[in-house]
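**Student:** what shape does this take:
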Amino acid sequence: MPEFIKVYLSDWFYNAGIVGFLKILLGEQRLDKQDLVKIGENYIVFPRSMFKGYADRYFQTAFEQYGRFENVKQVLKSFVNDLKKLQIEESCIKIAPKYLRKPDIEKLKDEPQKLALKIAQEIYTRYKRILDSFKYLKGKTGKVPSKNEFKKDIGVFILHLKDVLKVMDEECEAFLESEVKVYLSKLYGQKSFLQRQLKKDFKKVFIKDFEKPILNAKVPVDEKHICISCGLRPAKKNVLFDTGLSPFLGVNKDALNVFWQFNPKLPLCEICELIYFSAFAGLTDFTRGNNKVFYFVNRDSSVEELYNANLLLQQVLKKNTNENFLIDFFTELILLEEQQKAEYSLQNIALIEIDLSKDILPKVFSFNISREKAKFIKNHTQDLKSLARLGYEIKDERRYVLFELIGDILRNSLTYDYVNKLLRFYMSALRPAKRSSFKVYYYPYHLQTITKIINTFIEYVILRRTPMHEEKDLWSAYHRGKELADRLRTKKAENKIDGIAYRLVNALRIGDVNTFMNVLIRTYMANEMEVPAMFIKSFVDKNTFYAYGYSFINGLLSKDKQQEENNE
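**Tutor:** You can find the predicted model right below:
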């Protein structure tokens, strides 16, 4: 009789391990189209024999997920093809934009030989950069032709690149193991085959440490302790805390002071250890600037929903590499829920963000999405997407408006305080550079979109009522503010705009309606203009007053919309 193993949902990193374990085993197969693993409501069941060949699948999955080897290979092939094209004048002009700036091309377009040499030099420089960042490849390339050598004969450089590509093909397995070690060391530190002193045979070490003992049920166990993760199986002997758990979770064997009697041993069974060690395959990577960030969607409702949510996130990121991928993800997740349930509600869901470039713990955004909130996100998809590129910097730390806005929506904490903060940052950024520690990447017309989103969120999601005003009323207030600014510019009093805006923003920040109206009335009287009636009517409802007030300030600070768009 085959022995079956049961694994239950647990903490978020363990759940990432379950998703990763399933992906490693099943590849591209859907859960409902396979019969290798039984999927329960909150557990999976599989035979011990499933671990046969697990090392091969494990390494192949990590290799493909990292992707550097294939990417570099394609780049080197393109280098070879482009270097060959440099012999033909027309082709040389065509490929030049891939490697050179427009001024350089214009300068050399009538001198094809010099242009070809300039392109070849740029290809050479890029190749050297690749080698500097890919140490294992650098050790396999042999002597790289010098600049003087390839200046005399580009063919020497082409032959060298062909030799490198040949080595990459012939030693693919060695590259695979090396790349997997580089990739997983970032997530797991030095465990098993990831130890620094090991220089080869990484897969053999993995088989010795994990696959064979588990497959043959020959793992030495500690009979005194039960696994702290599953509570079902005896602990494996001598498991160090950071053997199965990633160091970015905050504890490793170097932090001995947190352990009882300074003993960094963890009661963890061999199955749970391997599940944790498979978590990399459950994470979805996203490139933000020069950094790679990992995401995981945690749901404790069921294994199937957990798996499908992360599969959906992966699919969304393949289509959308912009910052607005979260909007697409939640919108599609909501649509998926609608197909499955008459009354949809996304409960107990968390998005975990892991940034390995920073020495901080993962960010965990926990939230429940009610039916009203789900509809809100769905109905405002385009508005939210329009904010994808917006952000600000405080002392060189870049923050993104879209992420903050979505976070506040999901946590039910979105208020006018957010647009107030952005307005204050915007006005601070207008000061001379020496006086301001802020940089902003948005304009007042962007803030009007945010004001509109906040107003609708409060009306529909928080207050759950039919709004006492329409969207066109907010835009009317925006244009009243713009009209006042135009009048001040006409009177050569543009320098007064910021002072008026500061007083209005501060009044709204503390909810001081009287001060706001006092500033407004005095300003209008001084400029012989009639106070907009909408503010008098809005006294009866605080949310309406805030909506009109912030819309007015956005208009007051705005300039020509086309001009602001051109400055982005």
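**Student:** so residue 175 sits right up against residue 68, yeah?
**Tutor:** No - contact criterion C-beta atoms under 8 Å: residue 175 and residue 68 do not qualify, at 9.6 Å. Any C-beta I mention is one placed from the backbone N, CA and C, and that applies to glycine too.
**Student:** when the two are compared, which one has more neighbours?
**Tutor:** Shown here are residue 175 and residue 68; by other C-beta atoms under 10 Å, residue 175 has more neighbours (22 against 16).
**Student:** the closest residue in space to the more buried one that isn't next to it in sequence and residue 200, how far apart?
**Tutor:** Distances taken as C-beta to C-beta, 6 or more residues apart in numbering put residue 69 closest to residue 175, at 5.5 Å, once the chain neighbours are dropped. Here residue 69 is placed at a distance of 17 Å from residue 200 (C-beta to C-beta, to the nearest Å).
**Student:** same check, this time on residue 160
**Tutor:** 25 Å.
**Student:** compare these two (neighbour count), which wins?
**Tutor:** Under the criterion of other C-beta under 10 Å, the comparison of residue 160 against residue 200 puts residue 160 first, with 19 against 12.
**Student:** quick one, what contacts the more buried one?
**Tutor:** 141, 142, 144, 145 (C-beta atoms under 8 Å, 6 or more residues apart in numbering).
**Student:** repeat for residue 450
**Tutor:** Residue 450 sits next to 387, 401, 405, 418, 419, 422 when contact means C-beta under 8 Å, 6+ apart.
**Student:** how about 6 Å then?
**Tutor:** For residue 450, the contacting residues are residue 419, by C-beta atoms under 6 Å, 6 or more residues apart in numbering.
**Student:** neighbours around residue 223, how many?
**Tutor:** 8.
**Student:** what helix or strand is it on?
**Tutor:** strand 221-226 (DSSP states H and E).
**Student:** show me what the next helix or strand after that strand is in contact with.
**Tutor:** Toward the C-terminal end, the helix or strand that comes next after strand 221-226 (DSSP H and E) is strand 234-236. Residues outside strand 234-236 that contact it (C-beta under 6 Å, 6+ apart): 219, 221, 222, 223, 225, 227, 267, 268, 269, 270.
**Student:** what about residue 149, neighbour count?
**Tutor:** Number of residues near residue 149 (other C-beta under 10 Å) recorded here: 14.
**Student:** list the buried residues for the host helix or strand of it?
**Tutor:** If you go by DSSP H and E, residue 149 is part of helix 147-152. Neighbour-count burial for helix 147-152, with 16 or more other C-beta atoms under 10 Å as criterion, is recorded at residue 150.
**Student:** report the rounded mean pLDDT for that helix.
**Tutor:** Averaging pLDDT along helix 147-152 gives 79.
**Student:** can I get that helix as CSV, trimmed to CA atoms?
**Tutor:** Provided in CSV are the C-alpha atoms of helix 147-152 (Å, rounded to 0.1, in the frame of the first residue of the first chain):
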residue,chain,number,x,y,z
LYS,A,147,39.4,46.4,-28.0
ASN,A,148,42.4,46.7,-30.3
GLU,A,149,42.0,43.1,-31.5
PHE,A,150,38.4,43.5,-32.5
LYS,A,151,39.0,47.0,-34.0
LYS,A,152,41.4,45.3,-36.5
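**Student:** noted, bye for now.
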